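# Here is my input, please return the structure:
(2 chains)
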Number of protein chains: 2
Amino acid sequence: VHVSLHIFSEGMRIFIAVGHRATTSPNFSLDDIPGTSGRLDILCRCVNAAFVLSHGIRKDVNVFLVLCGGAMPKTICLKGIELKHLNPDERTTAALLKRALAIPTTHDWSKSTPGIYARTGSLAELLQDFKHMRLLYLREDGDDIRGICKANLCGNSVFILGDHLGMNPEEEILIEKAGYKVISVGPTSLHADHCIVLINYELDRLERDESV
Amino acid sequence: VHVSLHIFSEGMRIFIAVGHRATTSPNFSLDDIPGTSGRLDILCRCVNAAFVLSHGIRKDVNVFLVLCGGAMPKTICLKGIELKHLNPDERTTAALLKRALAIPTTHDWSKSTPGIYARTGSLAELLQDFKHMRLLYLREDGDDIRGICKANLCGNSVFILGDHLGMNPEEEILIEKAGYKVISVGPTSLHADHCIVLINYELDRLERDESV
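Here you go, the predicted structure:
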């Protein structure tokens, strides 16, 4: 069943994580995720970082995982408002992604489990969907997130993160063409999942300060 | 082989994470860590958060995991300066902890794999070891970490974190007796591993600002 996916809504936090070797097939082993899935474990940790709170999950977050480790790239969407069965451990998340990779995909979104959708398509298609949004691309040489004013950070922002391989030149050009701003989260080079924890933290603080 | 463990040194970051139901036995399944180990997965993610950088691990970090889910509590120490075989995924970390739980333990530290040590003993013994250090206890109602000056945050600090169960009244009393300060990392109630990411981040920023 194809679905029309409302991926924008005011005040959402959107994270895009690109897995350059991440498998598009469900035929990986949950007993060796790093070794058999093209490092889907990295993306599982990004999902945890984006959604998991001490008591519950963040409903105002959507995550898009771009999986490039197959003949045809796939994108998986996780919508916080609908998401079910997400546990903080890596294996449970990998099992949810495995199910999403097992459904037949076209260029339209197809539903897997609650809040999880999949389609064929790469970063190019996804950036096309987000062309009216503010794109913030995380890279070590970017402007410090803490120096960016709230108006340029909160609301309608899409945060784009690479995996351990960074972005390739084609992707850099794509992101540049889409009109982006390069930001960084401080002095230390970190994994994508830790960057997502820090972005959520900075946004939480900014939004709290408004409500005071 | 018992070893004398130099767990203090100037400028180290020390994290204590308490697993109230975490198993002290190696007889858990790596295929179902949350379900068979008393939520050792939580502590595995704390280890990742404490050590893992984009390229390498933090050598200035020591982590102590207090495992209370057995007849006799155990403590596992991971020393950044010596640590080997640590990968970012949860299962690899759990496998290292499994090995550490398999070695015979006494009240003295015994070495497992490089940089990983184990002994019997609970939070009480560990706080005794740290009685000359600055204890910073993470709790939602604590003082905002961002309002604490660098002199009271960096160097000789021990950060104490609970798991999903928080601390029990006996532990609260123990920590209070040891002379602590309650701090928090912002407005949102987060898992221990995310808190560790944020503490590393705030300390990285403070230390960078000095070096500028």
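# Tell me who's in contact with the residue most central in space within chain A.
Residue closest to the mean C-alpha point of chain A, counted by CA atoms, centre = their mean, is A:Ile16 at 3.2 Å. Shown in contact with A:Ile16 (CB atoms under 8 Å, 6 or more residues apart in numbering or on different chains): A:Val63, A:Phe64, A:Val66, A:Leu123, A:Leu126, A:Val158, A:Phe159, A:Ile160, A:Leu161. C-beta coordinates here come from the backbone N, C-alpha and C atoms, glycine included.
# ditto for A:Glu202
Taking CB under 8 Å, 6+ apart, one finds A:Ile145, A:Arg146, A:Leu153, A:Val185 in contact with A:Glu202.
# Roughly how far does it sit from B:Met133?
From A:Glu202 over to B:Met133 the distance is 29 Å, taken as CB to CB, to the nearest Å.
# Where does the prediction get shaky in chain A?
Scanning chain A for pLDDT under 70 picks out A:1-5, A:7-9, A:210-212.
# Can you name the residues of chain A that neighbour chain B?
Residues of chain A that fall close to chain B, judged by CB under 8 Å from any CB of the partner chain: A:30-34, A:41-42, A:45, A:48-49, A:52-55, A:87-92, A:146, A:164, A:185-191, A:194, A:197-198, A:200-201, A:204-205, A:208.
# hmm, try it at 6 Å
A:34, A:41, A:54, A:89-90, A:186-191, A:194, A:197-198, A:201, A:204-205, A:208 (CB under 6 Å from any CB of the partner chain).
# Is it possible to mark the buried ones in the residues you listed?
Neighbour counting by 16 or more other CB atoms under 10 Å in any protein chain shown classes A:34, A:41, A:89-90, A:186-188, A:190-191, A:194, A:197-198, A:201, A:204-205 among the residues of chain A next to chain B as buried.
# just the angle between the top helix by length along chain A and helix B:192-211, please?
Longest helix in chain A, counting residues (DSSP state H): helix A:192-211. When axes from the mean of the first three to the mean of the last three CA atoms, to 10 degrees is applied, the directions of helix A:192-211 and helix B:192-211 differ by 80 degrees.
# so where's the longest strand in chain A?
strand A:134-144 (DSSP state E).
# What are the buried residues along that strand?
Residues A:Arg134, A:Leu135, A:Leu136, A:Tyr137, A:Leu138, A:Arg139, A:Gly142 are the ones in strand A:134-144 that count as buried (16+ other CB under 10 Å).
# in its sheet, what does that strand sit against?
Here strand A:134-144 is paired, per DSSP bridges, with strand A:157-161 (parallel), strand A:180-184 (parallel).
# Among those, show me which one is buried the most.
Compared across those, strand A:157-161 shows the largest average neighbour count, a mean of 25 (mean count of other CB atoms under 10 Å in any protein chain shown).
# what does it rub up against?
With contacts defined as CB atoms under 6 Å, 6 or more residues apart in numbering or on different chains, strand A:157-161 is touched by A:14-17, A:130, A:133-138, A:192, A:195, A:199.
# Make a markdown table out of the residues you listed and add distance to A:Cys77.
Converted to a markdown table, the contacts of strand A:157-161 look like this (distance: CB to CB, whole Å):
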| residue | distance to A:Cys77 |
| --- | --- |
| A:Ile14 | 10 |
| A:Phe15 | 11 |
| A:Ile16 | 10 |
| A:Ala17 | 12 |
| A:Phe130 | 12 |
| A:Met133 | 15 |
| A:Arg134 | 19 |
| A:Leu135 | 17 |
| A:Leu136 | 19 |
| A:Tyr137 | 19 |
| A:Leu138 | 19 |
| A:Ala192 | 17 |
| A:Cys195 | 20 |
| A:Ile199 | 18 |
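# for those, which one is nearest A:Lys98?
Among the contacts of strand A:157-161, A:Ala17 lies closest to A:Lys98 (CB to CB), at 17.1 Å.
# Tell me if that closest one really is in a helix.
No: checked against DSSP: H, G, I helix; E, B strand; the rest coil, A:Ala17 lies outside a helix; its state is strand.
# Which residue comes closest to it once chain neighbours are left out?
A:Cys46 (4.5 Å; CB to CB, 6 or more residues apart in numbering or on different chains).
# and the helix or strand containing that neighbour with helix B:192-211, angle?
If you go by DSSP states H and E, A:Cys46 is part of helix A:40-51. On the basis of the same axes, to 10 degrees, helix A:40-51 is oriented at 90 degrees to helix B:192-211.
# ok, residues contacting helix A:40-51?
In contact with helix A:40-51 (CB under 6 Å, 6+ apart) are residues A:15, A:17, A:19, A:22, A:33-34, A:57-58, A:61, A:63, A:65, A:80, A:88, A:90, A:93-94, A:163, A:192-193, A:196-197, B:89.
# now stretch A:62-72
Stretch A:62-72 is contacted from outside by A:7, A:12, A:14-24, A:38, A:43, A:47, A:50, A:74-79, A:120, A:123, A:126, using CB under 6 Å, 6+ apart.
# A:Asn87 versus A:Leu96, what's the distance?
Taken as CB to CB, the span from A:Leu96 to A:Asn87 is 9 Å.
# Give me the more crowded residue out of these two.
Using other CB atoms under 10 Å in any protein chain shown, the more surrounded residue of A:Leu96 and A:Asn87 is A:Leu96, with 24 against 15.
# The more buried one falls within a strand, correct?
No: applying three-state DSSP, one finds A:Leu96 to be helix, outside a strand.
# contacting residues around it?
Counting by CB under 6 Å, 6+ apart, there are no residues that A:Leu96 touches.
# at 8 Å instead, please
Counted by CB under 8 Å, 6+ apart, A:Leu96 has contacts A:His85, A:Leu86, A:Ser112, A:Thr113, A:Ile116.
# Quick check: the farthest pair among these?
A:Leu86 and A:Ser112 (12.5 Å).
# mind listing what's buried in stretch A:25-33?
A:Phe28, A:Ile33.
# what does it rub up against?
Here stretch A:25-33 has contacts from A:35-38, A:40-41, A:44, A:70, A:90-91, A:94-95, A:98-99, A:101-102, B:30-31, B:89, B:91, using CB under 8 Å, 6+ apart.
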